[in-house]
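Here is a sequence with its predicted model. Questions after.
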Amino acid sequence: MSKIHAVITGIGGYVPNYVMTNEEISTMVDTNDEWITKRIGIKERRILKSEEGRGITYLAEKALGNLKLKHEFNPLEIEAVIFATTTPDYILPNAASLIAQKAGMTKAFGLDVSAACSGFLYGLEVANSFISSGKYKKVMCFSGDVLSTVTDYKDRNTCPIFADGCGCALLEATDEPVGIIDSILCSEGNVEHLHIYGGGSINPAGHETVDQRLHYIWQDGKIVFKHAVSSMSDTSEKLIKRNNLSLNDVDWVVPHQANLRIIDAVTNRLGIPMDKVMVNIQKYGNTSAGTIPLCLWDWEPKLRKGDNIILTAFGAGFTWGATYLKWGYDPKD
Ligand code: UT7
């Protein structure tokens, strides 16, 4: 019997309507468009305002609507919903159960995956394991964040970077040699350099945690930067080698969009030219678990069946990794 693969058969994405420019950020903290463009590579980012909607499942529903424009499916056939996010609507219930209900995927069970910016890779790994085990045939994987809800707009080290957005991928079983081929996922407990200290079981939410601004993301940017470059390039290189791919065989690299200089450094180390690298950080910023599916959604019209794609990410945890997938379909009308 041939091996069962999990292949992406539809991709969707959504970013909120509100455009926050570098000029607007410059009215909140001591920074400017030139610094942000040069040091991070972001020109503008999308922010979910309450006038438009609230919560990650709002963005997820919109992303799913965009997936359905090109790929119709019966929601009752979805058996599992995975949601990679660190900004669920509530601490509980999980976001996957809520979006499954909203979207009519009522036969599915839902679970959230918490791996910060590496969320999509972790979510794909879970979906791939479910499907390749033979037990499930159709799994919906959402991945995104509403980072504006945990961003300190008084901290110039973080507020220019973070943004809101969500993607989703439908994964189905196939016996064709396409889909998720291999992955390397890693984590290393490190709370010191990238964290949200407040609201968990060590520092439960209270007046004190709010007064100390503990509910916002804090990072030591330089340390995170260095780890991101070495971890993403090392895992991608290992994955490319162990699958006997030459650099010519790689059609696309999809790096997590945290900083254009990180993307440049990783792809330089790999020896991959920039015309094979998906980059949309300039218009969407860092949407954490949302960046990779949003790239795939943006580039979907250019992807061809059989394209070799390397996804790579790094985020809080630290979590990181790389996934090798063979694209499963030609562009749809
Ligand atoms: O998604 C995964 C999580 N996050 C990341 O991957 C982000 C990783 N880190 C980074 O992207 C970068 O480290 C940052 C964008 C956060 C910072 O850039 P940097 O080039 O590493 O700057 P730095 O922290 O070394 O600071 C250089 C200078 C400092 O001034 P002095 O001490 O040299 O006078 C900072 O105070 O730039 C200053 N600075 C700013 N200046 C204007 C820091 N942030 C800003 C700012 N505007 N927004």
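Received the coordinates, thanks.

Quick check: the residue in the stretch 151-300 of the chain that the ligand sits nearest to vs Asn259, distance?
Closest to the ligand within the stretch 151-300 of the chain is Gly221: 2.7 Å, counting by CB to the nearest ligand atom. To be clear about C-beta, it is placed using only N, CA and C from the backbone, and glycine gets the same treatment. With distances taken as CB to CB, to the nearest Å, Gly221 is found 9 Å from Asn259.

Please enumerate the helices of the stretch 201-333 of the chain.
207-211, 221-242, 260-270, 281-284, 291-299 (DSSP state H, counting those that start in this stretch).

Quick check, pLDDT for the most centrally placed residue in the chain.
For the chain, Ala289 is the residue whose C-alpha lies nearest the centre (CA atoms, centre = their mean; 2.6 Å). Note on Ala289: pLDDT of 98.

and if you look at Asp333?
In this model, Asp333 is scored at 67, pLDDT.

what does Gly179 give?
In this model, Gly179 carries a pLDDT of 98.

residues from the stretch 101-250 of the chain in reach of the ligand?
Cys117, Arg156, Asn157, Pro160, Leu194, Gln219, Gly221, Lys222, Val224, Phe225, Ala228 (CB under 6 Å from any ligand atom).

rerun that using 5 Å as the cut-off
Within the stretch 101-250 of the chain, the positions adjacent to the ligand are Cys117, Arg156, Pro160, Gly221, Lys222, Val224, Phe225, Ala228 by CB under 5 Å from any ligand atom.

For the last one, which non-adjacent residue is closest in space?
This means Ala228. Distance criterion CB to CB, 6 or more residues apart in numbering; nearest residue to Ala228, sequence neighbours excluded, is Phe314 at 4.0 Å.

next one: the first one
Sequence neighbours aside, Gly315 is the residue nearest to Cys117 in space, at 2.7 Å (criterion: CB to CB, 6+ apart).

right, and that neighbour touches Phe120 too?
No: assessed by CB atoms under 8 Å, Gly315 is found out of contact with Phe120, at 10.2 Å.

the more surrounded of these two?
Higher neighbour count among Gly315 and Phe120: Phe120, with 33 against 27, using other CB atoms under 10 Å.

which SS state does the more buried one fall under?
Recorded secondary structure, Phe120: helix (DSSP: H, G, I helix; E, B strand; the rest coil).

thinking again about what came up before, who's more crowded, Gly221 and Asn259?
Neighbour count, other CB under 10 Å: between Gly221 and Asn259, Asn259 has more, with 21 against 16.

now the more buried one: how far from Cys117?
Taken as CB to CB, the span from Asn259 to Cys117 is 11 Å.

What of Gly165?
Remark: distance between Gly165 and Cys117 (CB to CB) = 12 Å.

Need the residues touching each of the two.
Listed as contacting both Gly165 and Cys117 by CB atoms under 8 Å, 6 or more residues apart in numbering are Thr291.

The helix or strand hosting Ser143 - what's its average pLDDT?
Using DSSP states H and E, Ser143 maps to strand 138-146. What strand 138-146 shows for mean pLDDT is 98.

Export only the CA atoms of it, formatted as PDB.
C-alpha atoms of strand 138-146 as PDB (Å, rounded to 0.1, in the frame of the first residue of the first chain):
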ATOM      1  CA  LYS A 138      -9.800  16.100   6.200                       C
ATOM      2  CA  VAL A 139      -8.300  18.500   8.700                       C
ATOM      3  CA  MET A 140      -8.600  22.300   8.800                       C
ATOM      4  CA  CYS A 141      -5.700  24.100  10.200                       C
ATOM      5  CA  PHE A 142      -6.100  27.800  11.200                       C
ATOM      6  CA  SER A 143      -3.000  29.800  12.200                       C
ATOM      7  CA  GLY A 144      -2.900  33.500  13.200                       C
ATOM      8  CA  ASP A 145      -2.800  36.100  15.900                       C
ATOM      9  CA  VAL A 146      -4.200  39.400  17.100                       C
END
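
Not counting stretch 269-279 itself, show me its contacts.
41, 229, 233, 236-237, 240, 247, 250-255, 257, 260, 263-264, 267, 295-296, 298-299.

Make a PyMOL selection of whichever of these turn out to be buried.
The following PyMOL line selects those of the contacts of stretch 269-279 that are buried, judged by 16 or more other CB atoms under 10 Å:
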select buried, resi 41+229+233+236+237+240+250+251+252+253+254+255+257+260+263+264+267+295+296+298+299
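
right, and Ser236 touches Thr312 too?
Yes: with contacts counted by CB under 8 Å, Ser236 reaches Thr312, the gap being 4.7 Å.

Need the overlap of contacts for these two.
Residues touching both Ser236 and Thr312 (CB under 8 Å, 6+ apart): Val253, Val266, Ala322.

show me the contacts for the second one.
When contacts are counted by CB under 8 Å, 6+ apart, Val266 touches Ala228, Val229, Met232, Ser233, Ser236, Val253, Pro255, Thr312.

Would you agree the third one is in contact with Gln257?
Meaning Met232. No: contact criterion CB under 8 Å: Met232 and Gln257 do not qualify, at 11.7 Å.

Overlap of the contact sets of those two?
By CB under 8 Å, 6+ apart, no residue touches both Met232 and Gln257.

so where's the stretch 201-333 of the chain uncertain?
333 (pLDDT under 70).

Could you find the closest non-adjacent residue to His195?
Among residues not flanking His195 along the chain, Trp218 sits closest, at 5.9 Å (CB to CB, 6+ apart).
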